[in-house]
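> Sequence isn't available, so here's the structure alone:
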Ligand code: IPD
Ligand code: CA
Ligand code: CA
């Protein structure tokens with residue numbers, strides 16, 4: 001039986017190598033394609049990074065399953081056993097337009113329980129990682145357990161789009177929420193936004209639609225420092241479907257849910 005320590009050593013090695021390849025790609029021209037719509041972008045580096053990670057996982061851990069955004073992994077229908085959930089580049093639009101604010105995201109689950117989570121900010125060389133029950137870290141620095149913050153002093157991560165267009169809530173309520181907090185931010189990488197909640201840079205994060213590879217690693221990070229990650233109805237996330245996502249420190253999570261997230 002492989003130990004979590006062995007898996008962790010491998011992941012950190014592979015992430016460092018993948019990050020180096022991505023940084024080197026900055027000086028080459030990218031091949032950019034669109035997926036579901038003209039703003040849903042994918043590059044050769046998204047595909048190559050996913051293939052690199054999956055080849056390594058398969059050769060070291062052949063009995064593990066892999067769910068990857070770009071489709072090079074397995075068809076995963078259940079969370080039984082060990083399942084890796086991978087986003088090779090989360091924040092592809094930022095990768096293309098800014099060459100920063102994107103991350104490699106890897107969450108490793110055992111029978112549906114998050115065991116290891118990694119969000120690697122490639123440009124800043126910052127690795128956020130957590131092991132269930134053993135704490136969360138940013139590089140070598142342990143992240144403290146989150147402290148509560150009143151709504152009016154909190155920073156909320158939310159994409160402006162959701163204030164005008166969403167199918168869940170009265171947009172007026174979300175606008176009222178945005179006006180009630182100290183400030184709002186939008187980074188364009190869900191994995192980094194969750195890592196920022198885990199490291200106290202954001203106090204909460206709300207988004208209407210994410211796929212499992214966007215939140216699999218970040219959820220483990222946030223929960224390891226005492227935060228709550230649910231959908232916008234306060235329910236557990238489905239690891240094999242798209243979900244709305246609401247991550248926050250516990251009391252703020254209740255406050256925002258009760259006051260602003262009532263359904264239409
Ligand atoms: C996207 C980013 C973005 C979120 C989108 C995701 P991608 O991931 O996480 O922040 O708002 O919903 O699709 O496509 O860059 O991997
Ligand atoms: Ca993503
Ligand atoms: Ca991606």
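Looks like it came in fine. Note that the coordinates shown come from a computational prediction; the quantities given were computed from them, not determined experimentally. Ligands and ions are numbered 1, 2, ... in the order given.
> Give me the pLDDT for the residue of the stretch 151-264 of the chain found nearest ligand 2.
Residue of the stretch 151-264 of the chain nearest ligand 2, by CB to the ion: residue 214 (4.1 Å). Where you see a C-beta, it was placed from the backbone N, CA and C, and this is true even at glycine. Looking at residue 214, its pLDDT reads 98.
> Run through the residues of the stretch 1-150 of the chain sitting next to ligand 1.
Contact residues, the stretch 1-150 of the chain versus ligand 1 (CB under 6 Å from any ligand atom): 69, 87, 90-93.
> Secondary structure element holding the residue sitting nearest the centre point of the chain?
With distances taken as CA atoms, centre = their mean, the residue of the chain nearest its centroid is residue 191 (2.4 Å). Using DSSP states H and E, residue 191 maps to helix 190-198.
> Just list the residues touching the closest residue to residue 106 other than its chain neighbours, thanks.
Nearest non-adjacent residue to residue 106, counting by CB to CB, 6 or more residues apart in numbering: residue 118, 4.5 Å away. Residue 118 makes contacts with 11-12, 15, 104-107, 127-129, 217, as judged by CB atoms under 8 Å, 6 or more residues apart in numbering.
> Am I right that residue 213 is in contact with residue 67?
Yes: the criterion here is CB atoms under 8 Å, and residue 213 meets it with residue 67 at 6.8 Å.
> Name the residues contacting each of the two.
Shared contacts of residue 213 and residue 67, defined by CB under 8 Å, 6+ apart, are found at 85-86.
> Excluding covalently adjacent residues, which one is nearest to whichever residue of the chain sits closest to ligand 1?
Across the chain, the shortest distance to ligand 1 (CB to the nearest ligand atom) belongs to residue 190, at 3.4 Å. Of all residues not flanking residue 190 in the chain, residue 214 sits nearest, at 4.1 Å (CB to CB, 6+ apart).
> Next, the angle helix 190-198 makes with the stretch of helix or strand the one you found belongs to.
Using DSSP H and E, residue 214 sits within helix 212-224. Orientation check (axes from the mean of the first three to the mean of the last three CA atoms, to 10 degrees): helix 212-224 against helix 190-198 gives 10 degrees.
> What parts of the stretch 1-150 of the chain come near ligand 3?
Within reach of ligand 3 by CB under 5 Å from the ion, the stretch 1-150 of the chain has these residues: 69, 87, 89.
> Let's see the pLDDT reported for the first one.
Model confidence at residue 69, given as pLDDT, is 96.
> Please apply the same query to the last one.
We have a pLDDT of 98 for residue 89.
> next one: residue 263
pLDDT, residue 263: 67.
> same check, this time on residue 148
You'll see residue 148 listed with a pLDDT of 95.
> swap in the one 5 residues further on?
Predicted confidence (pLDDT) at residue 153: the value is 98.
> follow-up on the earlier one: most surrounded residue in the residues of the stretch 1-150 of the chain next to ligand 3?
Taking other CB atoms under 10 Å as the neighbour criterion, residue 87 ranks highest of those with 32 neighbours.
> need the next SSE after the helix or strand it falls within, C-terminal direction.
For residue 87, the host element (DSSP H and E) is strand 82-90. The first helix or strand that comes after strand 82-90 along the chain, using DSSP H and E, is helix 92-97.
> and that next one with ligand 2, contact?
No: Helix 92-97 lies out of reach of ligand 2 by CB under 5 Å from the ion, never closer than 7.3 Å.
> for the following helix or strand past that helix, packing partners?
Later in the chain than helix 92-97, the nearest helix or strand by DSSP H and E is strand 103-110. Counting contacts by 3 or more CB pairs under 8 Å, 6 or more residues apart in numbering; DSSP states H and E, strand 103-110 packs against helix 4-25, helix 44-60, strand 82-90, strand 113-121, helix 190-198, helix 212-224.
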